[in-house]
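Student: Quick check, what structure comes out for this input:
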Amino acid sequence: MTEHLTKETFKSKVFDYEKNKEWKFEGDKPCIVDFYADWCGPCKMVAPVLEDLSEVFTGKLDVYKVNTEEEQELAAVFGIRSIPSFLFVPVEGQPQMAMGALPKDTFVKAFKDVLGVE
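Tutor: Numbering: from 1, shown residues only. Model prediction:
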């Protein structure tokens, strides 16, 4: 199940950018963060794919959503200029950003390659 994050929940579950200068993941399992807006057509196309994948990978990774209209500071911190944008966050190592409406098999490949989740 996807979970919507605010600035405060983002800081406790993903990255506390106000406290840490260097990347330090706060979660206990890999995650993907979907930066989206309600008016965005491609975002609406990707939403059911992410919902489906969040159920397939339950317990292996977390799927978060950030509404860039409501959380403009978060979007600015990550330099979000186009949506949808996806932040793939492994437990260890640096996160990776991808932009645009990705097909389902691309998400599955990224889960394996970037997050180490199968």
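
Student: When you work out contacts or count neighbours from here on, use the C-alpha atoms and nothing else.
Tutor: Fine.

Student: Pull the residues that contact the strand or helix carrying E55.
Tutor: Using DSSP states H and E, the element containing E55 is helix 41-56. Applying CA atoms under 8 Å, 6 or more residues apart in numbering, the contact partners of helix 41-56 are 1-2, 36-38, 61-63, 83-84, 100-104.

Student: Tell me the first helix or strand C-terminal of that helix.
Tutor: Per DSSP H and E, the first helix or strand lying C-terminal to helix 41-56 is strand 62-67.

Student: and the helix or strand just after that next one, C-alpha only, in PDB?
Tutor: The helix or strand immediately downstream of strand 62-67 is helix 72-77, counting by DSSP H and E. The C-alpha coordinates for helix 72-77 follow below in PDB (Å, rounded to 0.1, in the frame of the first residue of the first chain):
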ATOM      1  CA  GLN A  72       6.900  22.400  -2.200                       C
ATOM      2  CA  GLU A  73       9.800  22.600   0.200                       C
ATOM      3  CA  LEU A  74      10.400  18.800  -0.200                       C
ATOM      4  CA  ALA A  75      10.200  19.100  -3.900                       C
ATOM      5  CA  ALA A  76      12.700  22.000  -3.800                       C
ATOM      6  CA  VAL A  77      15.200  20.100  -1.600                       C
END
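
Student: Enumerate the positions of helix 72-77 that are buried.
Tutor: By 16 or more other CA atoms under 10 Å, the buried positions in helix 72-77 come out as 74-75.

Student: For E22, which residues are in contact?
Tutor: No contacts exist for E22 under CA under 8 Å, 6+ apart.

Student: tell me which element it is part of?
Tutor: Assigned by DSSP H and E, E22 belongs to no helix or strand.

Student: and what of F35?
Tutor: Assigned by DSSP H and E, F35 falls in strand 31-36.

Student: May I have the strands that pair with that strand, each with its orientation?
Tutor: Sheet pairing for strand 31-36, assigned by DSSP bridges, gives strand 62-67 (parallel), strand 85-89 (antiparallel).
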